[in-house]
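Q: Just a sequence and a predicted model for now, questions to come.
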Amino acid sequence: MLMIYCLVAALAAQQQIKMELPDSLVKQAKVTEANARKTATAKVPKGTLTAVELERENGHLQYSYELTVPGESGITEVNVDAMTGKVIGVGKEKS
């Protein structure tokens, strides 16, 4: 698990992705960030990932991904449940 986290962190640094993954929450998650990222980016195939946060919101431990899409204003946010790996929300945020 540590090796996967280090690899993800190294890739994020190369791509300038803002990452907020508190260790205390990572230990509680049943779904890895890498798997959740695949799910989130599949929802926005032309999007470029700019940020990921692992947080507890509305009773869910979730990964929140922010993606920008060429030609579209604002940011698309995709929330993935960190326990099941299912998408629990997709929405637009104004930039």
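A: Yep, that arrived.
Q: which stretches of this protein form helices?
A: Assigned by DSSP state H, the helices in the chain fall at 2-15, 23-26, 33-43.
Q: Now the second one: buried residues?
A: Going by neighbour count (16 or more other CB atoms under 10 Å), the buried part of helix 23-26 is L25. (Glycine included, C-beta is placed from N, CA and C.)
Q: Send me that helix as CSV with only the CA atoms.
A: Extracted C-alpha coordinates of helix 23-26, given in CSV (Å, rounded to 0.1, in the frame of the first residue of the first chain):
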residue,chain,number,x,y,z
ASP,A,23,-3.0,9.4,6.6
SER,A,24,-5.7,9.0,9.3
LEU,A,25,-8.4,8.8,6.5
VAL,A,26,-6.3,6.8,4.1
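Q: Next, the residues that contact it from outside, please.
A: Applying CB atoms under 8 Å, 6 or more residues apart in numbering, the contact partners of helix 23-26 are Y5, E33, L54, E55, R56, L61, A82.
Q: Now for the second one, how many residues are close by?
A: Residues near E33, counting by other CB atoms under 10 Å, number 23.
Q: Local confidence estimate at it?
A: With respect to pLDDT, E33 scores 96.
Q: what does the fourth one give?
A: According to the model's per-residue confidence, E55 sits at a pLDDT of 97.
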